[in-house]
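> using only what follows, build the 3D model:
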Amino acid sequence: MAAGGFCKLPNGTVVVALNLPSPAADGPAGVRVLVHAQNRARALTRLRNLGLRAVYLRGNAAPPSPDEITAVLHHPDGLIWRTAPDSDVWPMELWHPIKALLRRPAAPA
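Below is the predicted model:
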């Protein structure tokens, strides 16, 4: 389960934002994931299909900000992440494609 929220856009699509623990053992403590999809169910399905099985959206406590909505709408995959900040520290980390988060480290030779 994760804290998060959603925003319905004028064209009927939604942007879902979730704060998740990092799936990588050596990765950041937590991440903020943004998904653009036709509806909330499809957004969560996109994450589950990537291996994030225990992802649920309960309520709308942490909806995406206008800047976050702009970032995910301008990304070709419509699925991005960055380290979840403890506070609004500037400069914020840039957004990354989800593939960078889920990429497995290379096996040692």
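> C7 and R48, how far apart?
Here the distance between C7 and R48 works out to 21 Å (Cβ to Cβ, to the nearest Å). Where C-beta positions appear, they are placed from N, C-alpha and C, glycine not excepted.
> the more surrounded of the two?
Using other Cβ atoms under 10 Å as the criterion, C7 and R48 rank with C7 on top: 16 against 13.
> how about the contacts made by that one?
Counting by Cβ atoms under 8 Å, 6 or more residues apart in numbering, C7 touches 14-15, 63-64, 69.
> wait, isn't A61 in contact with A17?
No. Taking Cβ atoms under 8 Å as the contact criterion, A61 and A17 are not neighbours in contact, 10.3 Å apart.
> so for those two, which residues contact both of them?
Where contact means Cβ under 8 Å, 6+ apart, the residues bridging A61 and A17 through contact with each are 4-5.
> circling back: ok, so of the contacts of C7, who is nearest I98?
The shortest gap between I98 and any of these belongs to V15, at 14.3 Å (Cβ to Cβ).
> can I assume the closest one sits in a strand?
Yes. With the criterion set as DSSP: H, G, I helix; E, B strand; the rest coil, the secondary structure at V15 is a strand.
> I'd like the numbering to begin with 511 instead of 1 from here.
OK, 511 is where the count begins now, so the last one is V525.
> burial check on it, number of neighbours?
V525 is flanked by 24 other residues according to other Cβ under 10 Å.
> what residues are bridge-paired with it?
The bridge-partner assignment for V525, based on DSSP bridges, gives C517, H546.
> next one: it from P573, what distance?
Distance from V525 to P573, counting by Cβ to Cβ: 8 Å.
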